[in-house]
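Enquirer: Fold the following.
(2 chains)
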There are 2 protein chains.
Amino acid sequence: MISAILLAAGESKRMGKPKQLMPWGKSTILVQAIDNLKSSTVDEIIVVLGYKAEEIAKTITTKPVKIAINPDYKQGMSTAIIAGLKLVSSQPQAVMLALGDQPLVDSQTINRLIDEFYNHDKGIVIPTYQGKRGHPVIFAIKYKPELLELKGDIGAREIIKNHPGDTLEVAVDSESVISDIDTRSDYQSQLG
Amino acid sequence: MISAILLAAGESKRMGKPKQLMPWGKSTILVQAIDNLKSSTVDEIIVVLGYKAEEIAKTITTKPVKIAINPDYKQGMSTAIIAGLKLVSSQPQAVMLALGDQPLVDSQTINRLIDEFYNHDKGIVIPTYQGKRGHPVIFAIKYKPELLELKGDIGAREIIKNHPGDTLEVAVDSESVISDIDTRSDYQSQLG
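Expert: Now for the predicted structure:
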C-alpha cells in the first residue's frame, strides 16, 4: 500500500492569500488535489495543514463511511436498521434511512429532504412521488428507541403510521424515491 | 448533523444475484448510492451489509483522509513532511509526497508513478517533464528515517540527490508535475 502525504501547510506568501482556499472548479485548489488522490490507487491520504489550518480543514469535507455488518440479515430489514443504528455517532439530530438499491436518488433530492427536515417542526420526513411514499426517510433522533424495537421484516413504515401528526410528506419530482431495483427488468430500465 | 444509514444487507432474492455488486456506470449500484450520499449534505454514512458482506465491503473503497496539523509550518517544508509522516499507518510500502497546489496532477499521472514504483526495483520515483523534476515523488518506506531527519526548508530533494542509483525518473506527458500555483498569474493560467 502507498500512503500519500499532501503538503498544504504553507503561507502562500507570493500569492498573498491562502492558495488552499482559492476556487477551483466546483471546489478549491486543495480539495481538487485531494480528489485527484482519491481517484488514484493510493491507499491513504494525509493532508498536512499549518497556516490557517482550522479554516482550511473545514473545507475538507470528506465524510466517514462506516460499514456495519448485519449477521441477522435473513431476519429482515429491521435487523439492518438496528445494525446501522449501532454505528451512529453519539448525537446526530436525525438519521436518514436510505436504500442501497436506489442509485437514482441523487444528492439534490437527498438535500431537499434534509432542508425540509430543518425547516419544519416535524420528526419524520418522507418523500412522495405521485402520492406514493418512498425513501430515503428522515427520522429525528427521538425516534431511535422506536427504531431499535423494530422486529422481523417490518421496516420503519409502522413507526410512520403511528405518528401521522409528526410526519411531513415531501412531494418530489423524481420517481427515483419510489423505485428500487428488485428484478432484472427494473435494472435494465433504470440503467437507462 | 444527520447520519445516513444505507440499507444494503439483503439477499436480492428476486434478482437472483447480489444487486449490490451489479454494474452501474463506472461503479456498482451500491457504490453509486453511497456516492450520492457523499455528494449530499449528510454528515456520516453508515452502510449496512449482510448477505455476502465481505465481498461487497471490498467494493467500497472509500479512502481515509487524515488531517495532520503542522504547528511549525513557518519552519518550512521539512516540518510538513514530518508532520505527515507521523500519521502514516503502520506499514505502507511507500509514501508519496504530493503538493497541495498542483490540482492539475490527475489520477492517471499519479497511477502511472505508482505503477512504475511497483514495476521497478527503485526506492525513489520522480516524475519529469521536459527533463525537469517535479512532484509527486514516491519514496520507499526505507527512506522514512531520512525523511524524518529533514530540517528547515529543505524538501526531500536532498535525499534524492544522495541516492542517484536508487532513483527512477519517469518522463510524463503532463506539465502539471512541474507546475505549481505560486502567483495570481500561475492561478489564472492553470485555471484555464
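Enquirer: got a list of contacts for the helix ranked longest in chain A?
Expert: Using DSSP state H to define each element, chain A has its longest helix at helix A:107-119. Here helix A:107-119 makes contact (Cβ atoms under 8 Å, 6 or more residues apart in numbering or on different chains) with A:94, A:96, A:98, A:125, A:127, A:136, A:138, A:140, A:168, A:170, A:172, A:174, A:176-177, B:2, B:4, B:36-37, B:39-42. In short, each C-beta sits where N, CA and C put it, glycine included.
Enquirer: If we use 7 Å, what do you get?
Expert: A:94, A:125, A:127, A:136, A:138, A:168, A:170, A:172, A:174, A:176-177, B:2, B:36-37, B:39-42 (Cβ atoms under 7 Å, 6 or more residues apart in numbering or on different chains).
Enquirer: do stretch A:14-21 as well
Expert: A:8, A:12, A:28-30, A:51-52, A:56, A:59, B:100-101, B:181-184.
Enquirer: repeat that with 6 Å
Expert: Contact with stretch A:14-21 is made by A:8, A:12, A:28, A:29, A:30, A:52, A:56, B:101, B:181, B:182, B:183, as judged by Cβ atoms under 6 Å, 6 or more residues apart in numbering or on different chains.
Enquirer: So for that stretch, what gets flagged as buried?
Expert: A:15, A:18, A:19, A:20, A:21 (16 or more other Cβ atoms under 10 Å in any protein chain shown).
Enquirer: Likewise for stretch A:74-81?
Expert: Under 16+ other Cβ under 10 Å, the buried positions of stretch A:74-81 are A:76, A:77, A:78, A:79, A:80, A:81.
Enquirer: do stretch A:119-132 as well
Expert: Buried residues in stretch A:119-132 (16+ other Cβ under 10 Å): A:122, A:123, A:124, A:125, A:126, A:127, A:129.
Enquirer: ok, back up a step: I'd like to know which of the contacts of stretch A:14-21 is nearest to residue B:86.
Expert: residue A:8 (15.8 Å; Cβ to Cβ).
Enquirer: so how many other residues sit close to the closest residue to that closest one other than its chain neighbours?
Expert: Leaving aside its chain neighbours, residue A:8 sits nearest to residue B:100 (2.9 Å; criterion: Cβ to Cβ, 6 or more residues apart in numbering or on different chains). For residue B:100, the neighbour count with other Cβ atoms under 10 Å in any protein chain shown is 26.
Enquirer: Make sure residue B:100 is actually in contact with residue A:6.
Expert: Yes: between residue B:100 and residue A:6 there is a contact at 5.4 Å, judged by Cβ atoms under 6 Å.
Enquirer: Residues in contact with stretch A:167-181: which ones?
Expert: Contacts for stretch A:167-181 (Cβ under 6 Å, 6+ apart): A:99, A:101-102, A:104-105, A:109, A:113, A:116, A:120, A:122, A:124-129, A:132, A:134, A:160, A:187, B:19.
Enquirer: just to revisit the earlier point, using JSON lines, please lay out the buried residues of stretch A:74-81 together with distance to chain B and pLDDT.
Expert: Converted to JSON lines, those look like this (distance: Cβ to the nearest Cβ, whole Å; pLDDT from 0 to 100):
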{"residue": "A:76", "distance to chain B": "9", "pLDDT": "83"}
{"residue": "A:77", "distance to chain B": "6", "pLDDT": "85"}
{"residue": "A:78", "distance to chain B": "10", "pLDDT": "90"}
{"residue": "A:79", "distance to chain B": "8", "pLDDT": "90"}
{"residue": "A:80", "distance to chain B": "4", "pLDDT": "89"}
{"residue": "A:81", "distance to chain B": "7", "pLDDT": "91"}
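Enquirer: could you redo these as TSV and give each row distance to residue A:65 and secondary structure?
Expert: Putting those into TSV (distance: Cβ to Cβ, whole Å; DSSP: H, G, I helix; E, B strand; the rest coil) gives the following:
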residue	distance to residue A:65	secondary structure
A:76	24	coil
A:77	20	helix
A:78	23	helix
A:79	20	helix
A:80	16	helix
A:81	18	helix
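Enquirer: Shouldn't residue A:63 be within a strand?
Expert: No: looking at residue A:63 with DSSP: H, G, I helix; E, B strand; the rest coil, it is coil, so not inside a strand.
Enquirer: Let's see the pLDDT reported for it.
Expert: For residue A:63, the pLDDT comes out at 71.
Enquirer: what's the burial count for it?
Expert: For residue A:63, the neighbour count with other Cβ under 10 Å is 18.
Enquirer: again, but for the one 4 residues further on
Expert: For residue A:67, the number of neighbouring residues by other Cβ under 10 Å comes to 17.
Enquirer: Give me the distance between it and residue B:178.
Expert: According to Cβ to Cβ, to the nearest Å, residue A:67 and residue B:178 sit 40 Å apart.
Enquirer: Look up the pLDDT of residue A:15 for me, please.
Expert: pLDDT, residue A:15: 84.
Enquirer: Kindly report the same for residue A:95.
Expert: 91.
Enquirer: Which of the residues in the longest helix of chain A are classified as buried?
Expert: A:109, A:110, A:112, A:113, A:114, A:116, A:117.
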